[in-house]
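Colleague: Prediction below, plus the sequence it came from.
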Amino acid sequence: CAKNYCPFNSVLNEEYQMEVEMLWPGTKIPHPITVSHDVQALYIAFLRCVKEYFAKLGISVHIALDGWTAPITVSYLGLVVIWHVDGKIYHAVLELFSNSLYIII
């Protein structure tokens with residue numbers, strides 16, 4: 001990611017391609033546009049699933065903001081949800097916002 005400065009372009013990274021070839025020879029690596037399209041389609045599909053999951057639980061959930069810095073000098077705020085089911089605590093990142101997003105309170 002850091003070398004190519006774009007996460008979806010990481011599939012074009014020579015070292016990544018060598019690693020894939022070493023682990024599974026002959027694997028066809030998708031184009032970055034295909035990766036982007038698939039990630040967006042998965043996001044939309046899972047968005048519906050997540051909404052339905054929490055609607056069915058009928059419990060309170062906790063929302064938190066968490067900060068990360070990536071090696072490509074980009075900072076992110078993560079919207080995190082925390083909940084419990086049968087005494088077990090779960091957490092998941094719902095969304096990442098880059099440092100280009102300004103939050104006004």
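Modeller: Nice, thanks for sending it over.
Colleague: contacts, neighbours, all on C-alpha from now
Modeller: OK.
Colleague: hey, where'd the strands end up in this structure?
Modeller: Taking DSSP state E to define them, one finds strands in the chain at 62-69, 75-85, 88-98.
Colleague: Can you check what angle separates the last one from strand 62-69?
Modeller: Here the directions of strand 88-98 and strand 62-69 differ by 50 degrees (axes from the mean of the first three to the mean of the last three C-alpha atoms, to 10 degrees).
Colleague: got the angle for the top helix by length along the chain vs strand 88-98?
Modeller: Across the chain, the longest stretch assigned as helix under DSSP state H is helix 32-57. Here helix 32-57 runs at an angle of 140 degrees relative to strand 88-98 (the same axes, to 10 degrees).
Colleague: one step back: quick one: which of the strands of the chain is nearest Pro30?
Modeller: Proximity to Pro30 (C-alpha to C-alpha) singles out strand 88-98 among the strands of the chain, at 23.8 Å.
Colleague: If you count contacts, what does the closest one end up packed against?
Modeller: strand 75-85 (3 or more C-alpha pairs under 8 Å, 6 or more residues apart in numbering; DSSP states H and E).
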